[in-house]
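Participant: here are the coordinates; sequence isn't available:
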């Protein structure tokens, strides 16, 4: 990936706060809004979810998920929406136990990004789930479509 | 649905320009960004897509889709993202032929919402697809979750 596309991808993944999570429910797609935190090297994307939520039940049944991060936050009506950068991941989801060693660091990073979510760490039904990308599709703008493997995602993170 | 929730849902569906479309690809979810236009009575949601796009190929293979509309456009970093209204549809997709009688009206409405997309109507590979909801899940904010059938969606549209 060229350096300007990589910079755009980093900006996208660090600036956006919301993403669309696709899970399988009764074999059909279900898309819901989530918050997300990328690992520094883009090797994983973490979400913090309730066991009561449909998407969490779905991930327990089938780990195949997709995550879309699109640069919709802060756009103005003057922007052509198809010019917005966006990234689609296809990933495998697994639950991170609340007593895992990395939980403390993740929690601190999560709360730095999402200070209003502190209350969720008091609730027994919330856990981190780790989404590890199989591949990604980055649309940097009109006609700028890039299919990326994990190594290319990692290279773009630096 | 109470009248203030219905007003919030109408505002959401009319104000947002982008949505997240979930399709099935090799049996796994794929989520991509799309533009969308709701029918006045919320009985259908139209998208205008290229036959070359992955999501269109996916819909040709399996009509089961999900569409998420979340109130992310125009938000500011001060907003708590989990307070944002959002709607998830589970729907069935079918292609509308370009010579269908309703195409002319849809095209005019599409261009009124998306004036920058006129060029796509010059391209032979673009068509409207109609997503007809089986059901919907509206999250109006914290703890305000409503499961809706098509009749309740229609009632909220007026």
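Facilitator: Received, thanks. Source: prediction; values computed, not measured.
Participant: which parts of the longest helix that chain A contains are buried?
Facilitator: As assigned by DSSP state H, the longest helix anywhere in chain A is helix A:3-15. By 16 or more other CB atoms under 10 Å in any protein chain shown, the buried positions in helix A:3-15 come out as A:5, A:6, A:8, A:9, A:12, A:13. Glycine gets a C-beta too; all of them are placed from N, C-alpha and C.
Participant: Check stretch A:111-127 too.
Facilitator: The neighbour-count check on stretch A:111-127 (16+ other CB under 10 Å) flags A:114, A:117, A:120, A:126, A:127 as buried.
Participant: Would you map the helices across chain A?
Facilitator: Secondary structure of chain A, counting by DSSP H: helices at A:3-15, A:54-61, A:103-113, A:150-157.
Participant: any chance of these in TSV, plus distance to chain B and mean pLDDT?
Facilitator: Shown next, in TSV, are the helices of chain A (distance: least, CB to the nearest CB, whole Å; pLDDT from 0 to 100):
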stretch	distance to chain B	mean pLDDT
helix A:3-15	9	96
helix A:54-61	8	98
helix A:103-113	10	97
helix A:150-157	16	97
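Participant: what about the longest strand along chain A, distance to the chain center?
Facilitator: Assignment by DSSP state E gives strand A:126-139 as the longest strand of chain A. Computed by CA atoms, centre = their mean, to the nearest Å, the chain-centroid distance of strand A:126-139 equals 5 Å.
Participant: relative orientation of it and helix A:150-157 in degrees?
Facilitator: Per axes from the mean of the first three to the mean of the last three CA atoms, to 10 degrees, the angle that strand A:126-139 makes with helix A:150-157 is 90 degrees.
Participant: Packing partners of strand A:126-139?
Facilitator: Packing partners of strand A:126-139 (3 or more CB pairs under 8 Å, 6 or more residues apart in numbering or on different chains; DSSP states H and E): strand A:45-50, strand A:86-96, helix A:103-113, strand A:145-148, helix A:150-157.
Participant: Quick one: closest of the ones you listed to residue B:80.
Facilitator: Checking the helices and strands packed on strand A:126-139 against residue B:80 by CB to CB gives helix A:103-113 as the closest, at 12.1 Å.
Participant: Who are the packing partners of the closest one?
Facilitator: Judged by 3+ CB pairs under 8 Å, 6+ apart, helix A:103-113 is in contact with strand A:37-38, strand A:45-50, strand A:126-139.
Participant: Between its first and last residues, how far does stretch A:89-107 reach?
Facilitator: End-to-end distance for stretch A:89-107: 23 Å, by CA to CA, to the nearest Å.
Participant: Compare the helices of chain A and give me the one nearest residue A:35.
Facilitator: Residue A:35 sits nearest to helix A:103-113 of all the helices of chain A, at 7.7 Å, using CB to CB.
Participant: Find the nearest non-adjacent residue to residue A:9, please.
Facilitator: residue A:156 (5.0 Å; CB to CB, 6 or more residues apart in numbering or on different chains).
Participant: thought the one you found was touching residue A:6?
Facilitator: Yes. The pair residue A:156 and residue A:6 qualifies as a contact (CB atoms under 8 Å) at a distance of 4.1 Å.
Participant: Any stretches of chain A with poor pLDDT?
Facilitator: Applying pLDDT under 70 to chain A flags no residue at all.
Participant: For the residue located most distally from the centre of chain A, give its distance to residue A:72.
Facilitator: Distance from the C-alpha centroid of chain A peaks at residue A:78, with 26.6 Å (CA atoms, centre = their mean). From residue A:78 across to residue A:72, the span is 14 Å (CB to CB, to the nearest Å).
Participant: try residue A:156
Facilitator: Computed as CB to CB, the residue A:156 to residue A:72 distance reads 21 Å.
Participant: how many neighbours does residue A:52 have?
Facilitator: Using other CB atoms under 10 Å in any protein chain shown, residue A:52 has 10 neighbouring residues.
Participant: one step back: list the contacts for the residue nearest to residue A:9?
Facilitator: Residue A:156 makes contact with A:1, A:5, A:6, A:9, A:10, A:42, A:148 under the criterion CB atoms under 8 Å, 6 or more residues apart in numbering or on different chains.
Participant: Residue A:109: which of those residues is nearest?
Facilitator: For those, the closest approach to residue A:109 (CB to CB) belongs to residue A:42, at 14.3 Å.
Participant: Wait, that closest one touches residue A:154, no?
Facilitator: Yes. With contacts defined as CB under 8 Å, residue A:42 counts as touching residue A:154 at a distance of 5.9 Å.
Participant: Of those two, which one has the most company?
Facilitator: When neighbours are counted by other CB under 10 Å, residue A:42 and residue A:154 differ, and residue A:42 comes out ahead with 23 against 16.
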